[in-house]
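> after the sequence you'll find the predicted model.
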Amino acid sequence: MEINNGKYCKIFSKMNEEIDEYDIYHQDFTTVSEWEVFIARIEEILNEWRLAKTKIVRYPTVSKKWISKSEEFSFQGINFKLSYHALEPVSNEESTEDSDGKTIFQELQNGIWDATSHFMDEDDGSPFPVSIWFGLKRYLMFCPEIPLVDGSIIKVVMSSVNIAFANVNCGVPFFVKIREHWQHNYLGFYEDNEYKTSFDVINLKRISNQCSHLTGLVSLFKSKISSPVALDAVMVSAKFSYELKDSEAFAWRKVTHSNEFLSVDGFDVKKLIELPFGSERNPVASILLNAIWPRFRESTIVDSSTFSDIDPLMAPVWKVTLKFRENIACQLSETISKVMNLLENTALIMDTLGLSRSLGIVNPLHKITEAPITISKLVKAAIGQSSNTSEFKGPLPDDLLMPLLYYVFPDAVEDDTFNYPKQLEVEFKSDTNENKLCNYVKTSPESGLVWRLSVTAARLHDAGGLPYLAHFWYEFVQELQYRWEHKIQVPGVAGGAPNARTCLLHQKLQLLNCCIQRVDSSTNQGGNSSDDEFYDCSDDDGTDDLPPWDKPVGRLHRLDNATLKNGAPLYVPQTQDPAPKTEDQLEEDAELMVRLGDDARASELRARMMSASLLSDMEAFKAANPGAELCDFVQWYSPRDWLPDEGGKLGARMLLPGNPWAETWSVSRPVPAARQRRLFDETREAEQVLHFLRSRTVSAVAELLLPAILRVAAAKCHEEGAPRGSVSVGGVDKRRTFEVAAREIYDAEREVCKCLCVRTVFGDGAEGEPLDVAGRSRVLSAAGGALPLPARKEFTLRVKDSVAPQTMRAALSTDMTIIGVFTERIVCL
Amino acid sequence: MATNRTGGAQRPNGAPQTKVCQFKLVLLGESAVGKSSLVLRFVKGQFHEYQESTIGAAFLTQTVCLDDTTVKFEIWDTAGQERYHSLAPMYYRGAQAAIVVYDITNQDTFGRAKNWVKELQRQASPSIVIALAGNKSDLAAKRMVEFEEAQAYADENGLLFMETSAKTAMNVNDIFLAIANKLPKSESGGGAGGAGGARRLADGDTPRASSCCK
């Protein structure tokens, strides 16, 4: 923006009277040179921002957030940025006090004094350190684009801003950044009619002799105060900082190494159940210790070039900050990510053992060859019976394999150590589960078979790689095969039909158990085998004229007081349960129906597929209610299509010509459910489950195992103290969901590691608070009993003289920064 | 109007400009409230005074065009009989949208609809869009369920709500469109776990002619 008229420019004048520059138009003859234009421009901005002492708006309460505005300038070929920084007001309510020079000055001096209770290296979020150094709530910063190093240009700029400051009667301290940018060198001033306050910064690459100790600093401080009266004692604060690098004492507690359970003598299942957790290396990179003396008189401690009283062990306050490593490698996450890596492996899992061909996986309908190893066989072998010589030998030795299999199938041994709980509940989304980590990953009963299997597989994979995992999977499927053949239920699985809210592996096992149970109960009924022909019945039409042998069969209970059209009571028949299906089968069914398309023929085909269960129900109904008509069936089955007139009538839509209900009714015969052809073929379904598990790729096996691994890991994190509060909802597909969950677990595990370190160091206290006695001795012993040389020393010196507070602070590390605020009365001679 | 591609496989490079999203929608409700009639009206623009009672479930598809998106509905029209209740989870599992239908001339069907809503809220994907349709609004003379009552219930439960008539076609397209508008079209818009959001279709998928070209 160029200044192209003098409307906002005020005459450069020494007059003290206020002229309202907005109301009076002046023809301005003074803004001729670049210098004058420069000054006028600064004034213009200060006025626009309303920073004159009388205009400034102050707020009773301010937040800790800094707000800024800025304008760009150019002078003598250098670009400048003038910026104003202030703390954001909490509300728009303005201070009731009037702004005048006195109150602003008082506020400024109070801030300077209060700031001495902090140290220079703290951070208040403001863009420049001057606010924390000098306790400012607002300041102006004039910052050149390139460093101002030449003395003459610094002088010109300083006098320009001085003039502008005075002309506007500015109420905000004004700083100019000089020297190299990294030096954080700021020259600042504030002035009113009576006092002038200067803010000085010195930054030296080397520490001068005088300034390296307290005594020298105190004498420098005193020499800078131009007070005519004798001073009170100077009050001093000091902070010595130590960097403790060797902090093994604060390491995460050592956990049993993850592969330990594999040692030949003394395999311990209990160690295997325990997932590894925490970081292997110490997550703390370094500990920063600040020894602080909040306040003492200059005379009480001697610290000169030859002798020093200052002993950090005697410092009243110790504060500690922990610095953590960037990448903390965590064992649990490591285990998970190894399994996640398997998702990329598309080889058949049995191929990794060289077994695919012999297991007939190439031809899915091929009868499975004799199972080489099952628990029962190994038990037989153990008690002396010889086993097949050609049996498969996997990489897992038997003395490791057997305890693992007994852990997953505890009902195979007498020992009760690892029995599953009697009641296996599937935990679903509920209030208690709301914020658990990974609650969007499908679950299975806690500490059920799927959990054990998955954790064991993950641990084996961790220890022995894919061959171990594959071998274990193979043995798992062999055991399932054995159980199916001998009709032994799989333990540790929730009862009932496959629950689509559990993970797929659990659903498959539920389905297998359904098959085992159905075969079992149908053989127990002692009746004919499932391959029976239809029940022979000659009565197709359901005439009123009942043959004497047609006794009602398969009745469940009466339907309230309902009667058939012929007046007989209406009985609800026993029906076949719907076929249990796992979610992938349901998806397949749905896809098949989708593929049929949606034209008329497809709809008809679909209806016919669908009517298998309708036919079954109609036949059962006919068997239970001899002489029933379609309208009787509809009264039970679809009451809204039944009208009570004349003892029962079909609704209009049931009377449509070609109605599939009527057609199905006409071909159905009275057959009770128990004698019907089964809608669900247990043998086929069970073989399919087994084939499904056996013919998976490595990647697909990982997909089956990961839900439980992730949920167990999440539970482990909570057990170790990870807070609840999962906000993730998972990904759009399985893969993405796994990634989100694994990430969540890594974050939780790392946080727990950090928290534990923090607790080790701070005890019950919090980071940033002074350590208690126990905490101090912990830190000291971690440092080996003695502290190294301080990495940084800081002194604050302050005194109140007759005019105002005078303060000076020095920060000494490899370089030296000294800052000072000195206020003097303006003496007009 | 969105894509108007001819049939036949697209080459991989001929990717469509318009986003194509596919959603699974399920209709639930007491038997004989007009679920199949609503679908028939929406998909084929037809109406039969007497519509056969559905056995199991019927399946139809329909494509609608929104401003920059082609939305393909896979519609599962379920049978309302109690006996088929146990099959319902198979259809609403993984569905992104559901229309729960009742008959405005029958208070019981409204109660049944509320039960369906409850079941969906408990069992279906948490992000499922549920619409409530008070069908047979052409029979307002025999009305037993007040519009305000249903509206209040829908508001309470965050449902889309319209009274519809498959016979006069009133609000039929509108309710499907309202659902299409409410469905998340981004890839990340899915619900929990495998329930998933919109599936982006591969190139080869040819949308049917739209019934709602604007």
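Yes, it's here.
> going forward, measure contacts between C-alpha atoms and count neighbours the same way
Will do.
> show me the strands in the stretch 51-200 of chain A, by range?
Under the criterion DSSP state E, counting those that start in this stretch, the stretch 51-200 of chain A contains strands at A:62-75, A:78-89, A:138-144, A:174-178, A:185-191, A:195-204.
> out of the ones you listed, flag the one nearest A:Phe476.
For those, the distance to A:Phe476 is smallest for strand A:62-75, at 60.7 Å, taking Cα to Cα.
> need the contact list for B:Glu146.
By Cα atoms under 8 Å, 6 or more residues apart in numbering or on different chains, B:Glu146 lies in contact with B:Ile104.
> again, but for A:Val172
Neighbouring residues of A:Val172 by Cα under 8 Å, 6+ apart: A:Leu51, A:Ala52, A:Lys53, A:Arg138, A:Tyr139, A:Leu140, A:Tyr190.
> now with 7 Å?
Contacts for A:Val172 (Cα atoms under 7 Å, 6 or more residues apart in numbering or on different chains) come out as A:Leu51, A:Arg138, A:Tyr139, A:Leu140.
> thought the second one was touching A:Ala86?
Yes: using Cα atoms under 7 Å, A:Arg138 makes contact with A:Ala86 at a distance of 4.2 Å.
> what's around residue 155, how many residues?
Using chain A. Applying other Cα atoms under 10 Å in any protein chain shown, we find 10 residues neighbouring A:Lys155.
> correction: the question concerned chain B.
Neighbour tally, B:Asp155, other Cα under 10 Å: 11.
> and it, what element?
Assessed by DSSP states H and E, B:Asp155 sits inside helix B:147-157.
> would you pull up how far stretch A:159-178 lies from the middle of the chain?
49 Å (Cα atoms, centre = their mean, to the nearest Å).
> that one: end-to-end distance?
One end of stretch A:159-178 to the other measures 14 Å (Cα to Cα, to the nearest Å).
> flag every buried residue along it.
If you call a residue buried by 16 or more other Cα atoms under 10 Å in any protein chain shown, then stretch A:159-178 has these buried ones: A:160-178.
> looking at these, which are in helices?
Counted as lying in helices by DSSP state H, out of the buried residues of stretch A:159-178, are A:Ser160, A:Val161, A:Asn162, A:Ile163, A:Ala164, A:Phe165, A:Ala166, A:Asn167, A:Val168.
> and the second one, what does it touch?
I take that to be A:Val161. Going by Cα under 7 Å, 6+ apart, A:Val161 touches A:Ile39.
> let's see that with 10 Å instead.
A:Val161 makes contact with A:Phe38, A:Ile39, A:Ile42, A:Glu43, A:Phe142, A:Asn167, A:Phe174, A:Phe175, A:Val176, A:Phe189, according to Cα atoms under 10 Å, 6 or more residues apart in numbering or on different chains.
> still on that earlier bit, which neighbours do A:Arg138 and A:Ala86 share?
Shared contacts of A:Arg138 and A:Ala86, counting by Cα under 10 Å, 6+ apart, come down to A:Trp66, A:Ile67, A:Ser68, A:Ser126, A:Ser131, A:Val172.
> right, and the first one touches A:His85 too?
This means A:Trp66. Yes: using Cα atoms under 10 Å, A:Trp66 makes contact with A:His85 at a distance of 6.5 Å.
> flag the shaky bits of chain A, pLDDT-wise.
Low-confidence segments of chain A (pLDDT under 70): A:1-31, A:94-99, A:226-230, A:246-270, A:356-391, A:425-435, A:522-550, A:598, A:725-732, A:828-829.
> by residue count, tell me the biggest helix in it.
helix A:449-485.
> give me the neighbour count for residue 100.
No chain was given, so I picked chain A. Using other Cα under 10 Å, A:Asp100 is surrounded by 14 other residues.
> sorry, should have said chain B
B:Val100: 26 surrounding residues under other Cα under 10 Å.
> ok, whatever helix or strand it lives in near chain A or not?
Per DSSP H and E: B:Val100 is located in strand B:97-103. No: if you take Cα under 10 Å from any Cα of the partner chain as the test, strand B:97-103 misses chain A, and the best it gets is 11.8 Å.
> let me see the mean pLDDT of that strand.
Strand B:97-103 shows a mean pLDDT of 95.
> neighbouring strands of that strand in the sheet, and parallel or not?
Paired with strand B:97-103 in the same sheet, following DSSP bridges, are strand B:19-28 (parallel), strand B:129-135 (parallel).
> now that strand, how far from the chain's geometric center?
8 Å.
> ditto for stretch A:702-710
Offset of stretch A:702-710 from its chain centre (Cα atoms, centre = their mean): 19 Å.
> likewise stretch A:147-163?
Chain-centre distance of stretch A:147-163: 52 Å, with Cα atoms, centre = their mean.
> roughly how far apart are B:Gln46 and B:Leu40?
As defined by Cα to Cα, B:Gln46 lies at a distance of 6 Å from B:Leu40.
> nope, A:Ile202 is what I meant
Separation of A:Ile202 from B:Leu40 (Cα to Cα) stands at 85 Å.
> list the contacts of A:Phe128.
Here A:Phe128 is in contact with A:His85, A:Tyr139, A:Met141, A:Lys177, A:His184, A:Tyr186 (Cα under 10 Å, 6+ apart).
> sorry, slip of the keys, the one I care about is A:Ala623.
Shown in contact with A:Ala623 (Cα under 10 Å, 6+ apart): A:542, A:550-555, A:571, A:573-574, A:617, A:669-673.
> which of those has the most neighbours?
Counting by other Cα under 10 Å, top hit in the contacts of A:Ala623: A:Pro670 with 30 neighbours.
> what about the residue lying closest to A:Trp484 once chain neighbours are set aside, how many neighbours?
Nearest non-adjacent residue to A:Trp484, counting by Cα to Cα, 6 or more residues apart in numbering or on different chains: A:Ile516, 6.3 Å away. Neighbourhood size, A:Ile516 [other Cα under 10 Å]: 22.
> ok, the closest residue to A:Arg792 other than its chain neighbours - how many residues close by?
Distances taken as Cα to Cα, 6+ apart place A:Ser813 nearest to A:Arg792, at 4.3 Å, with adjacent residues excluded. Counted by other Cα under 10 Å, the residues lying close to A:Ser813 total 18.
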